[in-house]
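Engineer: structure for this input, please:
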Amino acid sequence: MNKFFSSFGVAIAGIGFALRTQSHMRFHAAAAIIACCLGFIVSLEPLEWAIILIAIAVVISAEMINTAVEQAVNLASPTIHPVAKVAKDVAAGAVLFAAVISAIIGLLILGPPLWHLIMN
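Structural biologist: Numbers count the residues shown, from 1 in each chain. Below you'll find the model as predicted:
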């Protein structure tokens, strides 16, 4: 059981590192909080919450994987090797892709009820 709690602590430390050191991670976390607040305002249905939360999880996870890739590449290749650059660029591209799709999901789910709320 101690191993379980130790693993949990390591994971929390990783999340903390990403939040402390990565401005994009802080941006994604703030966007997630805003999306959840808007979800409460418009009273999302359970399925809509599930979709929003999955989108948030994908973006936050992609950002943390990107951070891990960047840290590992920086350690392995302190100078800018072309292959190291590709690894970092691809990881960043994954975050961008996830964030754009998540923003579209947010607009599709939150947009209509927010528009209705604003117009009434």
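
Engineer: rounded mean pLDDT for the helix or strand that contains Asn74, please.
Structural biologist: Asn74 is located in helix 46-76, with elements delineated by DSSP states H and E. Averaged over helix 46-76, pLDDT sits at 97.

Engineer: do the same with stretch 20-27
Structural biologist: Here the average pLDDT along stretch 20-27 is 97.

Engineer: which residues are contacting that stretch?
Structural biologist: Stretch 20-27 has contacts (Cβ atoms under 8 Å, 6 or more residues apart in numbering) with Ala18, Leu19, Ile60, Glu63, Met64, Thr67, Val95. For glycine as for every other residue, the C-beta is placed from the backbone atoms N, C-alpha and C.

Engineer: out of the residues you listed, flag the one nearest to Cys36.
Structural biologist: Nearest to Cys36 among the contacts of stretch 20-27: Ile60, at 12.4 Å, using Cβ to Cβ.

Engineer: isn't that closest one right up against Ala31?
Structural biologist: No - counting by Cβ atoms under 8 Å, Ile60 does not reach Ala31; the two are 9.8 Å apart.

Engineer: those two: which is more packed in?
Structural biologist: Ranked by neighbour count (other Cβ atoms under 10 Å), Ile60 and Ala31 place Ile60 first, with 21 against 17.

Engineer: ok, now how distant is that one from His28?
Structural biologist: Noted for Ile60: a distance of 6 Å to His28, by Cβ to Cβ, to the nearest Å.

Engineer: Arg26 - how many residues pack around it?
Structural biologist: Arg26 has 14 nearby residues by other Cβ under 10 Å.

Engineer: tell me which element it falls in.
Structural biologist: Counting by DSSP H and E, Arg26 is part of helix 23-41.

Engineer: angle of that helix against helix 46-76?
Structural biologist: 170 degrees (axes from the mean of the first three to the mean of the last three Cα atoms, to 10 degrees).
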